[in-house]
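fold the following for me, if possible:
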Amino acid sequence: MKYLKQFGIILAISFAGELLNKILPLPIPASIYGLVILFALLHFGILKVDHVKETSTFLIEIMPLMFIPAAVGLLESWGIIKNNVVPYIVMTVVSTIVVMAVSGIVTQLVSKSGCKTERREQA
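So this is what the prediction gives:
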């Protein structure tokens, strides 16, 4: 029952992201809205990590299975892709580096922000 409750919380947040995607005229995917909502809820303590921990761990563990349909789709489209494989590889490498850099910077900023908050609470 605990897993269903946690999965329901995650689905509700994802649904909120979908609603924001339909309401706001920005070119941002609904999944990003959902991640930002989840982050904000966790950061401000509205939602505790324990409320979604087990189910989110399970979803992360099965994540590689979610890439199988995409990989099969790429293999089926190889005839179309093979003429542009170098630009696709370059785009993939560059976008991966950009995502890693931005994620690292944001993580450092949030981590430093959390340390300042903890220091203020201890004083």
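
just the mean pLDDT for the helix or strand encompassing Phe58, thanks.
Taking DSSP states H and E as the definition, Phe58 sits inside helix 53-61. Mean per-residue pLDDT for helix 53-61: 94.

quick one: the helices in the protein?
Ranges of helices within the chain are 2-23, 30-43, 53-61, 63-66, 68-76, 78-81, 85-122, based on DSSP state H.

and the angle from the longest one to helix 68-76?
By that I understand helix 85-122. 160 degrees (axes from the mean of the first three to the mean of the last three C-alpha atoms, to 10 degrees).

helix 85-122 vs helix 30-43, what angle?
Using the same axes, to 10 degrees: helix 85-122 against helix 30-43 is 20 degrees.

report the contact partners of the residue nearest in space to the middle of the chain.
Centroid-nearest residue in the chain, with C-alpha atoms, centre = their mean: Leu35, separated by 5.2 Å. Applying C-beta atoms under 8 Å, 6 or more residues apart in numbering to Leu35 gives the contacts Gly17. In this view, the C-beta of every residue, glycine as well, is placed from N, C-alpha and C.

ok, it to Gly73 distance?
From Leu35 across to Gly73, the span is 24 Å (C-beta to C-beta, to the nearest Å).

also Ile97?
Taking C-beta to C-beta, one finds Ile97 at 24 Å from Gly73.

again, but for Asn83
For Asn83, the distance to Gly73 - C-beta to C-beta - is 17 Å.

find the nearest non-adjacent residue to Ile46, please.
Ala40 (7.8 Å; C-beta to C-beta, 6 or more residues apart in numbering).

neighbours of that neighbour, how many?
Neighbourhood size, Ala40 [other C-beta atoms under 10 Å]: 12.

may I have the helix holding Phe58 as CSV, with CA atoms only?
The C-alpha coordinates for helix 53-61 follow below in CSV (Å, rounded to 0.1, in the frame of the first residue of the first chain):
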residue,chain,number,x,y,z
LYS,A,53,11.8,7.3,-1.5
GLU,A,54,11.0,3.6,-2.1
THR,A,55,9.0,4.1,-5.3
SER,A,56,11.4,6.6,-6.8
THR,A,57,14.3,4.2,-6.1
PHE,A,58,12.4,1.4,-7.8
LEU,A,59,11.7,3.7,-10.8
ILE,A,60,15.3,4.6,-11.1
GLU,A,61,16.3,1.0,-10.9
